[in-house]
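Enquirer: sequence first, then the predicted structure:
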Amino acid sequence: MQNKPTVFLDYASTTPVDPEVVEAMMPYFTEYFGNSSSIHKFGQQAEAALENSRHTVAEIIAARPSEIVFTSCGSESDNLALRGVALAERKNRGASHILISPVEHHAVSNTALQLQDLHGFNVEYLPVDQFGIVDPDDVKKYLRPETAIVSVIHANNEIGSINPVQEIGEVCQSHGVPFHTDSVQGAAHLPINVDTLNVDLMSIGAHKFYGPKGVGALYIREGTPIIPELTGGGQENNLRAGTHNTPYIVGLAKAFQLTQVNAQERHAHYDLLRKRIINHILSEIPSARLTGHPDQRLPNHTSFVFQGVDGNTLLMMLDAAGFACSSGSACKTGDPEPSDVLLALGIPRDWALGSLRVTVGQQTTFNEIEDFLNVVPDLIHQVRELISI
């Protein structure tokens, strides 16, 4: 199997750039290379591309172009949302309470903890059920007059579960508290309408939907209190200083547009592959458990825990066999400690150490999945034997 090309089954970590996206980006590296802040013709060309991209993203999510701020990635968008709103709300009304779920991406959870450690905010965690989903009624219970911001992930990167963002947003709106959702995973697969979802801030990242790495966006509803975290020039309505990465912004807009156009076809393909993976692994491998909600999950996402398995050893053996998978968040790969997300679901530590995430993409074939399913039961058996020695 060493002579066979490695099958990529880690599309939740990143995606290859769509050829149409590459084609759209290329002129802005060479022909239209100007700085969008410059007044001359070269700058005007870049600015036109920038604003056209802003209009494209805004139209897709039913927002105003002025509500779109381009960033370097989803993590930066999360940082700007959490830190920018929390500090603004404390300045404006003395709010010092941050409410998040325990299954957030670290771009949210670590930002919240830094605000607590360095700036004196009080971070509180919402309960989640066995699938990692937040109950909107719990949001209502946990809100305080001094809550500065609520942040609940749209679709979880590790376990695929989709949160009831619309209902959580209704609760926050009724209490006048800014609500942010990390939709870096969700925007790649789910319909996004910021008014329907009742969100005040929403983060996306291009490389999750066949766009380039190194560019993201943050939706900020008009009137939401927020201060810049990156200061300098007046770019992005004075909220994100720095020379615009015009080629990548063009790529983000094109990739996001293609995601919407091709959604139905892609989802039908993903759903068949996902069901095949889940059914086979749960039926053929003893002491295996699906993590995340069985139905309310991303269409391309499967994730499991196995008792008596070391997840990192399993990943290395899968890689040697020609399959690139993950143990959860790409940011945690190689960490010998169990995932915070899995522990928050109440999964025992000895199970949580044996996690596996398998995510498919538009390039994934049925034959590739069958090849994967033919080897994974034996590999897990081998890992268990190694551990028991």
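Expert: Structure received. Please read these numbers as outputs of a predicted model, since none were measured by experiment.

Enquirer: OK, contacts around residue 186?
Expert: Residues in contact with residue 186 (Cβ atoms under 8 Å, 6 or more residues apart in numbering) are 154, 155, 162, 192, 298. All C-beta spots, glycine's among them, are computed from the backbone N, C-alpha and C.

Enquirer: just the buried subset of the residues you listed, please.
Expert: Burial by neighbour count, 16 or more other Cβ atoms under 10 Å: within those this picks out 154, 155, 162, 192, 298.

Enquirer: ok, residue 196 touching residue 169?
Expert: No - applying Cβ atoms under 8 Å as the test, residue 196 and residue 169 come out as separate, 9.1 Å apart.

Enquirer: who's more crowded, those two?
Expert: With other Cβ atoms under 10 Å as the criterion, residue 196 and residue 169 differ in neighbour count, and residue 169 comes out ahead with 24 against 13.

Enquirer: the more buried one - nearest residue in space that isn't next to it in sequence?
Expert: Spatial nearest neighbour of residue 169, chain neighbours left out: residue 198 (2.6 Å); criterion: Cβ to Cβ, 6 or more residues apart in numbering.

Enquirer: also residue 259?
Expert: residue 209 (4.4 Å).

Enquirer: how about that neighbour, phi and psi?
Expert: Residue 209 adopts backbone torsions of phi -130, psi 50, taken as degrees, to the nearest 10.

Enquirer: show me the contacts for it.
Expert: Residue 209 touches 15, 187, 188, 255, 256, 258, 259, counting by Cβ under 8 Å, 6+ apart.

Enquirer: in CSV: these, plus neighbour count, pLDDT and secondary structure.
Expert: Listed next are those as CSV, based on neighbours: other Cβ atoms under 10 Å; pLDDT from 0 to 100; DSSP: H, G, I helix; E, B strand; the rest coil:
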residue, neighbour count, pLDDT, secondary structure
15, 22, 98, coil
187, 30, 96, helix
188, 29, 95, helix
255, 25, 98, helix
256, 26, 98, helix
258, 18, 96, helix
259, 21, 94, helix
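
Enquirer: out of these, who's nearest residue 127?
Expert: Nearest to residue 127 among the contacts of residue 209 is residue 187, at 25.6 Å by Cβ to Cβ.

Enquirer: is it true that that closest one touches residue 252?
Expert: No - Residue 187 is beyond contact range of residue 252, at 10.6 Å (criterion: Cβ under 8 Å).

Enquirer: show me the chain divided up by domain.
Expert: Domain assignment for the chain by automatic domain parsing gives 7-16+263-388, 19-261.

Enquirer: weakest of those domains in terms of mean pLDDT?
Expert: Mean pLDDT values for the domains of the chain show the minimum at domain 7-16+263-388, a mean of 93.

Enquirer: and that domain, end to end?
Expert: Start and end residues of domain 7-16+263-388 are separated by 29 Å (Cα to Cα, to the nearest Å).

Enquirer: surely residue 204 is within a helix?
Expert: No - Residue 204 is assigned strand when assessed by DSSP: H, G, I helix; E, B strand; the rest coil, not a helix.

Enquirer: quick check: bridge partners of it?
Expert: residue 217 (DSSP bridges).

Enquirer: and it, what does it touch?
Expert: 74, 77, 183, 184, 187, 216, 217, 218, 219, 256.

Enquirer: hmm, try it at 10 Å
Expert: Each residue near residue 204 by Cβ atoms under 10 Å, 6 or more residues apart in numbering is listed here: 57, 60-61, 68, 71, 73-74, 77, 154, 182-188, 192, 211, 215-219, 252, 256.

Enquirer: and the helix or strand where residue 86 lies, what does it pack onto?
Expert: Secondary structure assigned from DSSP states H and E places residue 86 in helix 74-93. Helices and strands touching helix 74-93, as assessed by 3 or more Cβ pairs under 10 Å, 6 or more residues apart in numbering; DSSP states H and E, comprise strand 68-71, strand 97-100, helix 106-119, strand 147-151, strand 179-182, strand 201-205, strand 216-220.

Enquirer: please enumerate the helices of the stretch 251-389 of the chain.
Expert: 263-284, 311-321, 340-344, 349-352, 366-388 (DSSP state H, counting those that start in this stretch).

Enquirer: shared neighbours of residue 187 and residue 252, anything?
Expert: 57, 204, 205, 206, 209, 216, 217.

Enquirer: wait, the third one sits on residue 12?
Expert: Meaning residue 205. No - assessed by Cβ atoms under 10 Å, residue 205 is found out of contact with residue 12, at 11.6 Å.

Enquirer: list residues touching both of those two?
Expert: Common neighbours of residue 205 and residue 12 (Cβ under 10 Å, 6+ apart) are 184, 185, 188.

Enquirer: of these, closest to residue 21?
Expert: residue 188 (13.4 Å).

Enquirer: any idea how far residue 306 is from residue 354?
Expert: Residue 306 is 4 Å from residue 354, where distance means Cβ to Cβ, to the nearest Å.

Enquirer: which one's more surrounded, the two?
Expert: residue 354 (28 against 23).

Enquirer: show me what contacts that one?
Expert: Residue 354 neighbours (Cβ under 10 Å, 6+ apart): 287-289, 304-314, 327, 338, 342, 347, 380, 383-384, 387.

Enquirer: let's go with 8 Å and repeat that
Expert: 305, 306, 307, 308, 309, 310, 311, 314.

Enquirer: just the buried ones out of those residues, please.
Expert: 305, 306, 308, 309, 310, 311, 314.
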